[in-house]
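In: Predicted model and sequence below, questions to follow.
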Amino acid sequence: MPPSPLLKKVLIVYAHQEPRSFNGSLKDVAVAELSRQGCRVTVSDLYAMGFEPSATRKDVTGALSNPSFFNYGVESHEAYRRKALSSDIVEEQKKLQEADLVIFQFPLYWFSVPAILKGWMDRVLCQGFAFDFPGFYDDGFLKGKLAVLSFTTGGTAEMYSKTGVRGDFRYFLWPLQHGTLHFCGFKVLAPQVSFGPEYASEEERRGMVAAWAQRLKTIWEEEPIDCSPPWYFGP
């Protein structure tokens, strides 16, 4: 039997500047549907929080392990081990640690995530917390958790096909889904792509929101993608 959503914990990492945006609507319907199921839903609204996207020396409180040469990866790893990361990172790590499902809701920027969301990944998913060596991909420290990318595009579905001008959308998902999420141990669900809402009719936009709400009703029953090259680059 599929797991019951009752008492499941969901984190939505949301990156859009405008609460009334289409991305805002997708976030809101996810909160409503998952809450209706009995899940505990937490939203990290990155723009509203003023989340700092830059990974800098300020992320480490106290002395550096090597004051003469700053290496962010090394210092954030040591800071995590010493419990000396900045409070905003620690707060996001706590949310992530508790979550059974993480939804990333964002508009596609240059075939990737907005800078503020990339910064969240850079700063929060540090070595020691999300992965280590060994301890990555299927053995990543966030294994057992589900993750899904829900995003909007500025072009139509035809543009993001293998014969389209922008190529198959799965190509640019490789670094996000495999190189980041799977690397940290997540079981990655198929993405929810809302193509070109800016150019769609009101009826079509309502249909996109309804499709996301419908999918969320059974999302706990879904099987993750295999996160292997054939899924992304195969026929």
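Out: Structure received.
In: Check which helices and strands the helix or strand where Phe106 lies sits against.
Out: Assigned by DSSP states H and E, Phe106 falls within strand 101-107. With contacts taken as 3 or more CB pairs under 8 Å, 6 or more residues apart in numbering; DSSP states H and E, strand 101-107 sits against strand 9-14, helix 22-36, strand 146-152. In short, each C-beta sits where N, CA and C put it, glycine included.
In: Partner strands of the shortest one and their direction?
Out: Meaning strand 9-14. When pairs are called by DSSP bridges, strand 9-14 turns out to pair with strand 40-45 (parallel), strand 101-107 (parallel).
In: quick one: it to chain centroid distance?
Out: The chain centre lies 9 Å from the centre of strand 9-14; the measure is CA atoms, centre = their mean, to the nearest Å.
In: Report the beta-bridge partners for the residue positioned nearest the centre of the chain.
Out: Centroid-nearest residue in the chain, with CA atoms, centre = their mean: Phe104, separated by 3.5 Å. Here Phe104 shows beta-bridge partners Val13, Leu149, assigned using DSSP bridges.
In: you'd agree it is up against Leu146?
Out: No - Phe104 is not in contact with Leu146 according to CB atoms under 8 Å; the separation is 11.7 Å.
In: before we move on, the earlier item: compare the helices and strands packed on strand 101-107 and give me the one nearest Arg57.
Out: Arg57 lies closest, by CB to CB, to one member of the helices and strands packed on strand 101-107: strand 9-14, at 24.3 Å.
In: relative to strand 146-152, how tilted is that closest one?
Out: Between strand 9-14 and strand 146-152, the angle comes out at 30 degrees (axes from the mean of the first three to the mean of the last three CA atoms, to 10 degrees).
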